[in-house]
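**Student:** Quick one, structure for this:
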Amino acid sequence: MDLIGDLILMQELAEHGSFSKVGRLRGQAPSSIARRLDRLENHLNDRLFNRAPTGLFLTASGTRKLFEGRALTDAAASFVNKDGENGSLSGHLVISAPSRLGETLIAQAVAQFLTTHPNVSIDLHFTDLVQNLERDKIDLSVCVGTQSPDHHFIRRIVENRRILVAAPAYLARFDQVKSVTDLDAHSGLFLGRTLSWKLMKSDMTTHVARPKARLRAVAGDVLLTMCKAGLGIALKSSWDVRRDLAEGEIVQVLPEWQQADPSDIMIVTPSRRLVSPTIKAFSRMLDDYLKRTLSASE
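**Tutor:** Numbers count the residues shown, from 1 in each chain. Below you'll find the predicted structure:
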């Protein structure tokens, strides 16, 4: 029995959800693919997929086996992988990050890594949409305070705060914000679908502010542009506005308050006991790069 080959087949079936699609990719008959899956299920004495007219769907047990099986296929790949010998790395990585963080910081780190390792190639996905690492075949994701499924490994890189900011011109035109309760009378610039801010003080006092929604945007850079234009108050990551604060384009509002929910910068990877040396090396480099870059700007 070719267990590793069968587990790779299971991963392909989970991705494509169809005997015929996998058969076309492999140049094999769908019936041959189905028989091989039957043999694997019989060997494991477990049903991995539910067969339906609309396709194949993992069972609860199949989902567990899929993630457990990845450790074995990754171990096999690592066994034959020559990456890391004599300090030379190679391979292809898929990296994702929020748009603003990616374009501002992650792109610089990737350029540094590719310059150092000429045999490595990288696909970059900069998006503010939540992605599924397994489905989208992402090797490493950088997130800001994002919760991830239990089967993903999460490591905090640096602490981050989201703070209230506004342009001096905006504050000059309207009443000054003296108390957190004043926020409800002001114009708010929101990211995504949010229409309120849960804020917290250092003494753990919390307050939910509901400013008038002047603008909602899915991109953090758009939000910052509107804020600097004097259109309202925004809740922004401290790393993202450090230069604008220093140059006086915006000022911090109610410095004693910040977002209550965690907004630290994290590295997220699929939970694997063994990963390629290239992924490990990039993760270590990115960790060091962000810590140095963000600590130097404080």
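
**Student:** drop to CA atoms for contacts and neighbour counts, all remaining ones
**Tutor:** Fine.

**Student:** quick one: low-confidence parts of the stretch 51-200 of the chain?
**Tutor:** Filtered on pLDDT under 70, the stretch 51-200 of the chain yields the residue ranges 74, 77-87, 146-152.

**Student:** ok, which stretches of it are helices?
**Tutor:** With DSSP state H, counting those that start in this stretch applied, the stretch 51-200 of the chain shows helices at 60-80, 99-101, 107-116, 168-173, listed in chain order.

**Student:** Please work out which of these is packed deepest.
**Tutor:** helix 99-101 (a mean of 19; mean count of other CA atoms under 10 Å).

**Student:** Residues in contact with that helix: which ones?
**Tutor:** F126, T127, D128, A219, G220, D221, D240 (CA atoms under 8 Å, 6 or more residues apart in numbering).

**Student:** and if we set it to 10 Å?
**Tutor:** Residues from elsewhere that reach helix 99-101 (CA atoms under 10 Å, 6 or more residues apart in numbering): 106-107, 125-129, 142-144, 218-222, 237, 239-240, 265.

**Student:** Give the closest residue to L164 in space, chain neighbours not counted.
**Tutor:** Residue nearest to L164 in three dimensions, not counting chain neighbours: L235, with 4.6 Å by CA to CA, 6 or more residues apart in numbering.

**Student:** tell me the SS of that neighbour?
**Tutor:** At L235 the chain is in strand, as set by DSSP: H, G, I helix; E, B strand; the rest coil.

**Student:** Pull out the buried members of the contacts of helix 99-101.
**Tutor:** Among those, those classed as buried by 16 or more other CA atoms under 10 Å are 106, 125-128, 142-144, 219-221, 237, 239-240, 265.

**Student:** ok, of those, which one's closest to E247?
**Tutor:** Proximity of those to E247 (CA to CA) peaks at D240, which lies at 13.2 Å.

**Student:** phi, psi of that closest one?
**Tutor:** phi -80, psi -20 (degrees, to the nearest 10).

**Student:** can you tell me how far the residue nearest to F126 when sequence neighbours are not counted sits from H125?
**Tutor:** Spatial nearest neighbour of F126, excluding adjacent residues (CA to CA, 6+ apart): S99 at 4.6 Å. Using CA to CA, to the nearest Å, S99 is found at 8 Å from H125.
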